[in-house]
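Visitor: Model the following, please.
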Amino acid sequence: ISIDALDQMTVSITPYDVRQSGFTGGGVNAVTKSGTNTYKGSVYSYLTNSHMKGSKVGDVKLPITDSHNSTFGFTVGGPILKDKLFFFLNGEYEDVVVAGPAVSAGDGNPPYSATNRRPKLSELESLSSYLRNTYGISTGPWQGYNIKTPAYRILARIDWNINDDHKLNVRFTKSNRKESNPASASRSIGSNRTSIIYGGNQNSYGSNTDYSMSSLSSRYVSEFRFTSFAAELNSKFGKLHNTLRGTYSFQDQPRTNEYGESVPVIEIVMSDNQGHYPSWALTGDMFTYQNMAQTKTTVITDELNIHLGKHNLFGGLQYEHDYAANGYAQAGAGYYAFQATPEQVKAGDWASVFKPENTRLFGITYGNGDNHPPFVAKMSTNQWSLYFQDNMSLSDRFRMSLGVRFELPSYPSLKDNFNQDYYDI
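Guide: Next comes the predicted model:
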């Protein structure tokens, strides 16, 4: 939620309130703005870019890649029917471009460093051209690029004063943001395969070392998509106050990359003449294809409250349903490591590099069901809660709260978590 959409915010640290649960240590409660009898609106923007950053340390000039973060937003609210029906709307968009990795190809001669990686740029571009023309695989640039990770947030709220005793508000929120990450250096396909691929460990000879360059397509993007609905009905029945509240939220976190998540991972290694085969170039990411996480939560609460002298009594009944799904595969689109020689690379003889006899390792994982569907673990839980509390104002200087909360969780069986055929072996 955008900060401009918030009206109030409270932070509760170890609260002694039976209405609050589902967290440890502390909780944050935010109240969004609502419309009034006056039409109000605002527009705003926050801007920053690479030109606002320093580019020198002493006499040393630093390489600066273009980047910027521009936020544009608006709020508007007012009456639909005076004194009865109100609306509030907030929208925000972030145009985010961040600099890519500050590494570059070198002249092919040691010592290798972040600005003098082992491959030459002309050799990498030759590889990209071959993969594109022969297999239709796009590697993207290898250096000097920036990364777009846009985001947006939307909030809409309706408040309805039904009559003096009943008030209803309904809220909808939706947000989406992206986070770019470098390719994983792990080579776990069933088990760790780094010694087979590199003749050593990935920290010394893997794709994130000075021996190698990784293309833009090797980066993966984590997306954070969040949608929620909430409705609350506040009613008065004489001295009794009742609050009926329902919420639904859906969080979706898939992984993608710039050129298609189903593209296989291709890594080229080259001997260092010391018994090792450090990575030379990498395109694609091993853990992006079929990687997803989803969470759905539904909560319904009904709460009664009454003031009796020094006592503020309330009690409530709550039902919560949670659903979670997680998909994961190691090298789901395939992983192929090929061994190349300096002569093959210099000549651009990629056809001979990709011959089967030059394969150091290949692997692919897939589901065991019909047509080999991706494996997605699913589970759901239910919880009923009953609570009661008495907030007593015994004097102007002494207040005491007594409460009790009962929770009854249930855990349905996990789908796809038991294999009878395997159990029977």
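Visitor: Buried residues in stretch 61-72, which are they?
Guide: Using 16 or more other C-beta atoms under 10 Å as the test for burial, stretch 61-72 gives 65, 67, 71. All C-beta spots, glycine's among them, are computed from the backbone N, C-alpha and C.
Visitor: secondary structure class for the first one?
Guide: Taking DSSP: H, G, I helix; E, B strand; the rest coil as the rule, one finds residue 65 in the coil state.
Visitor: got the contact list for it?
Guide: 50, 99-100, 102, 144-146 (C-beta atoms under 8 Å, 6 or more residues apart in numbering).
Visitor: can you do 10 Å?
Guide: For residue 65, the contacting residues are 50, 97-102, 143-147, by C-beta atoms under 10 Å, 6 or more residues apart in numbering.
Visitor: same deal with the second one?
Guide: Residue 67 is in contact with 48-51, 53, 96-100, 146-147, counting by C-beta under 10 Å, 6+ apart.
Visitor: Can you check the pLDDT for it?
Guide: The score at residue 67 is 82. That number is its pLDDT.
Visitor: Residue 39: which of the contacts of residue 65 is nearest?
Guide: Checking these against residue 39 by C-beta to C-beta gives residue 97 as the nearest, at 35.4 Å.
Visitor: In which helix or strand does that closest one reside?
Guide: strand 85-99 (DSSP states H and E).
Visitor: State the mean pLDDT of the helix or strand just after that strand.
Guide: Following strand 85-99 in sequence order, the next helix or strand is helix 121-135 (DSSP H and E). Mean pLDDT, helix 121-135: 95.
Visitor: Report the distance from helix 121-135 to the chain centre.
Guide: Remark: helix 121-135 is offset 32 Å from the chain centroid, using C-alpha atoms, centre = their mean, to the nearest Å.
Visitor: And the contacts of that helix?
Guide: Contacts of helix 121-135 (C-beta under 10 Å, 6+ apart): 104-108, 117, 119-120, 137-144, 213, 215, 217, 263-264, 266, 268, 280-281, 283, 340, 342, 345-351, 353-354.
Visitor: quick one: secondary structure of the closest residue to residue 391 other than its chain neighbours?
Guide: Distance criterion C-beta to C-beta, 6 or more residues apart in numbering; nearest residue to residue 391, sequence neighbours excluded, is residue 312 at 4.2 Å. Under three-state DSSP, the three-state class of residue 312 is strand.
Visitor: Offset the numbering so it begins at 852, please.
Guide: From this message on, residue numbering opens at 852, which makes the last subject residue 1163.
Visitor: Can you check the pLDDT for residue 1163?
Guide: With respect to pLDDT, residue 1163 has a value of 93.
Visitor: does it have beta-bridge partners, and which?
Guide: With DSSP bridges as the criterion, residue 1163 is bridged to residue 1158, residue 1242.
Visitor: Per-residue pLDDT of residue 1133, please?
Guide: 90.
Visitor: Contacts only, for it.
Guide: So residue 1133 contacts 990, 1034, 1036, 1057-1059, 1063-1066, 1068-1069, 1116-1120, 1188 (C-beta under 10 Å, 6+ apart).
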